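Engineer: I'll drop the sequence and a predicted model, then ask my questions.
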Amino acid sequence: MYATSLGDDGVELRPLEPWHAEEFFAHLERGREFIGQFIAFGAKATDVDSARAMLQRYADMRAADKASLHGLWLEGKLVGGVLFLNFDAENGNCEVGCWLEPAGTGRGLVTRAMRVLIDFAVEQRGIHRVEWVAAAGNTPSLNVARRLGMTRDGVHRQAHPYGGVRHDLEVWSILAPEWREARASAADR
């Protein structure tokens, strides 16, 4: 399969497949508390078998062209990932998301990986609208949306009951023409 280098610092973006279950579970264990601050990603992966089942679910959704997981490896170690959620090529819409364990933070990994995913979605799959949804308190996630040039569309007030609290969800998006313009401007610098 592919491995896309995201720079000279030993970071690669790769597909995250069912055969990565042991590595994926170990990664979730290392980052469970950090990852779980705002999202339940990986919460049902409580052992290698359930981690494999989660990865298989996403592999099946990828085969159905509905979603996909992509891991972020830092110097050969899985430290997080990015994903397509609600991928709807027919209508030209998708949602993207991310997660990281602490060892992957502060390096721009998600921003770099997301640029690859959005380029693919827009240029190869014809996606017109890419959406980012994050809890209003998840500042690092919202900062990625800003760095990607997304526009804050609005807030779903107290829409996300999680951890005994009802969180506001911020919705951000970028449209294909905006993405192309931002990428062209960045290339000119």
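Structural biologist: Thanks, I have it. Residues are numbered from 1 along each chain as shown.
Engineer: In terms of secondary structure, what does the helix or strand hosting residue 96 contact?
Structural biologist: Using DSSP states H and E, residue 96 maps to strand 93-100. Packing contacts for strand 93-100, counted by 3 or more CB pairs under 8 Å, 6 or more residues apart in numbering; DSSP states H and E, involve helix 21-35, strand 77-88, helix 109-119, strand 129-135. Heads up, the C-betas are built off the backbone N, CA and C, glycines and all.
Engineer: could I get those as JSON lines with mean neighbour count, distance to residue 159 and mean pLDDT?
Structural biologist: Compiled in JSON lines, the helices and strands packed on strand 93-100 are given as follows (neighbours: other CB atoms under 10 Å; distance: least, CB to CB, whole Å; pLDDT from 0 to 100):
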{"stretch": "helix 21-35", "mean neighbour count": "18", "distance to residue 159": "20", "mean pLDDT": "93"}
{"stretch": "strand 77-88", "mean neighbour count": "21", "distance to residue 159": "16", "mean pLDDT": "95"}
{"stretch": "helix 109-119", "mean neighbour count": "20", "distance to residue 159": "23", "mean pLDDT": "95"}
{"stretch": "strand 129-135", "mean neighbour count": "22", "distance to residue 159": "9", "mean pLDDT": "96"}
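Engineer: Redo the ones you listed as JSON lines? Include distance to residue 42.
Structural biologist: Output for the helices and strands packed on strand 93-100, formatted as JSON lines (distance: least, CB to CB, whole Å):
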{"stretch": "helix 21-35", "distance to residue 42": "4"}
{"stretch": "strand 77-88", "distance to residue 42": "10"}
{"stretch": "helix 109-119", "distance to residue 42": "16"}
{"stretch": "strand 129-135", "distance to residue 42": "16"}
